[in-house]
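Colleague: just need the structure, nothing else, for what follows:
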Amino acid sequence: MWGSDNLVFRNRRMKNGTGWVHVSESPSFLDRFLAAGTLFMLFFVTLLYAVIVPFIVYLTWIYKSVFGSVFIFVVFSTPFWASGHWRAFGNTFGFRAWRKYFELRIYKEERFNQSKNVLLCYVPHGLFPLVLPMLSEPVYDIFPEFQEQTPSMAVADIMLWTPIIAPLLTWLGCISAKKEVMRTHLRYNNVMVLPDGIAGAFHSQRDEECVYIKKRKGFVRLAIEEGSLLVPIYCFGHSQLYDVYPGHKSWIAALSRRLKFSIIWFWGVWWCPPIPHRVPLLVAIGKGIKVKQNPHPTPEEVDDVHIEFIKALKQLYDRHRDSVPGYENKELFIA
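Modeller: Purely as a prediction, here's the structure:
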C-alpha cells in the first residue's frame, strides 16, 4: 500500500480547497473485516436479485405461495423506499471502512470559482464504480466552493430501478444519466458523470490503463450547451480492483451496453472472488476546462472540446502517475 508516509500526507492537507484534500488512515483489523464483509454483502445482494429472486418468482407462480408473494412485493417495492439524498448514509461504518481498506487519497489541483454548473468527469468506470460511494462524504471537504451541495452522481436508469440497490444509490445522491435530467441538475447543482460508461468495464485490465472515451462525446456536448465547467478526474488503482476476462469484442459486451449493466466474468481475491483486491486508490481532480456556451454546438465545436478534454486527462494522468506504486511506467491509452 502507500507505506509509512500516510501521516505525512495527512499533515500536508491545505485549507484553501486544493492539494491533499482527503487522506484516509491505515485500516485496522476491524476496518478490513468490515470492508470485506460489506463488499461481499453487496455482491451477495446482486446475486440475490439476479438468481434467487427469479427462482422464488417461479416457485410462487407454481405453488401460489403467500410467503413468496409477500417476499416478491417487498423486494420489488424497494426502489420506492428512498425519497432523496441522505447525507449521513455516505459516512456509515461500511463506507468509512472502504475508504480505509483502500487507503483512499484525493488530490485536487485547483479551487473552482463557481458553486454550480460543474460537470465532473470521472474515469475509468471499471468493472464497478466502487470509488463513487466512498466520495459521497469527503465531497464536502473536497469542494468547499460548492457550498455544502453534493454533486449528483449520474448512473444508468436500470440501476435506479433495481430492487434493493436503488434506494442505496438514491441515498448516495445518484440521479439518472439521461441528458435532460443531468441538464436540470447542472442549472442548480453539479453533476458527476462517468463518460466511458458500461463499455469501459470491458476495457478494464490490470496490466494496462485504458479509458474508452474516444467516441464518447455526449458529455462534451452537454457541457457546451450549458456552458459548464468541464473537470477531468482520474482514479489510479481502479483498474486493479478485479481481474477481468477480456471480452470487449464479444456479444456479451454488446448485450451489456444494451442492458446498461455489466455482464462479465471477473474475480478478485483468491479466497473470495467477489471481494476486490486491496490496492491503494488515488483520485486526482484536474483543472477545470472553461467551455463557451452554445445551445446548438456544431460537430466541429464538440470535437475541439473533446480533444482538449482528452489532452487534459492525459496530462492529469502523467502529473500523478509517479505518486502511485506500479504506475510509474504505465501509459494511458484512449480507446
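Colleague: give me the sheet partners of whichever helix or strand Tyr234 is part of and which way each runs.
Modeller: Counting by DSSP states H and E, the element that carries Tyr234 is strand 229-236. Applying DSSP bridges to the sheet, strand 229-236 is found paired with strand 118-123 (parallel), strand 282-285 (antiparallel), strand 289-290 (antiparallel).
Colleague: other residues contacting the second one?
Modeller: Among residues not part of strand 282-285, those counted as contacts by C-beta atoms under 8 Å, 6 or more residues apart in numbering are 104-109, 120, 131, 135, 142, 231, 233-237, 316-317, 319-320, 323-324. Quick note: C-beta positions are derived from backbone N, CA and C, even for glycine.
Colleague: selecting buried members of these in ChimeraX, what would you type?
Modeller: Buried residues within those, by 16 or more other C-beta atoms under 10 Å, are selected in ChimeraX with:
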select :104,105,106,107,108,109,120,131,135,142,231,233,234,235,236,237,316,317,320,323,324
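Colleague: residue contacts, Arg105?
Modeller: Trp2, Phe9, Trp20, His22, Val23, Ser24, Pro280, Leu281, Leu282, Val283.
Colleague: most surrounded residue in those residues?
Modeller: Leu281 (26 neighbours; other C-beta atoms under 10 Å).
Colleague: show me the contacts for that one.
Modeller: Phe102, Glu103, Leu104, Arg105, Val131, Cys235, Phe236, Gly237, His238.
Colleague: next, the buried residues of stretch 96-116.
Modeller: 96-109, 112, 116.
Colleague: now do it: distance to the chain's middle.
Modeller: 13 Å (C-alpha atoms, centre = their mean, to the nearest Å).
Colleague: tell me the mean pLDDT for it?
Modeller: The average pLDDT within stretch 96-116 is 91.
Colleague: how near is Phe43 to Val131?
Modeller: 16 Å (C-beta to C-beta, to the nearest Å).
Colleague: equivalent analysis for Gln114, please.
Modeller: Distance from Gln114 to Val131, by C-beta to C-beta: 24 Å.
Colleague: which residues touch stretch 141-149?
Modeller: 17, 21-22, 106, 108, 111-116, 118, 135, 139-140, 151, 189-190, 285.
Colleague: where do the strands of the stretch 151-300 of the chain begin and end?
Modeller: Per DSSP state E, counting those that start in this stretch, the stretch 151-300 of the chain carries strands over the ranges 152-155, 174-176, 191-193, 209-211, 229-236, 243-244, 266-267, 282-285, 289-290.
Colleague: which residues does the longest one contact?
Modeller: Going back to what we said before, that points to strand 229-236. Strand 229-236 is contacted from outside by 112, 114, 117-124, 126, 131, 192, 220, 223, 281-291, 305, 309, 312-313, 316-317, 320-321, 323-324, 327, using C-beta under 8 Å, 6+ apart.
Colleague: which helix is the longest one in the chain?
Modeller: helix 299-320 (DSSP state H).
Colleague: so it versus strand 229-236, what angle?
Modeller: If you take axes from the mean of the first three to the mean of the last three C-alpha atoms, to 10 degrees, helix 299-320 sits at 40 degrees to strand 229-236.
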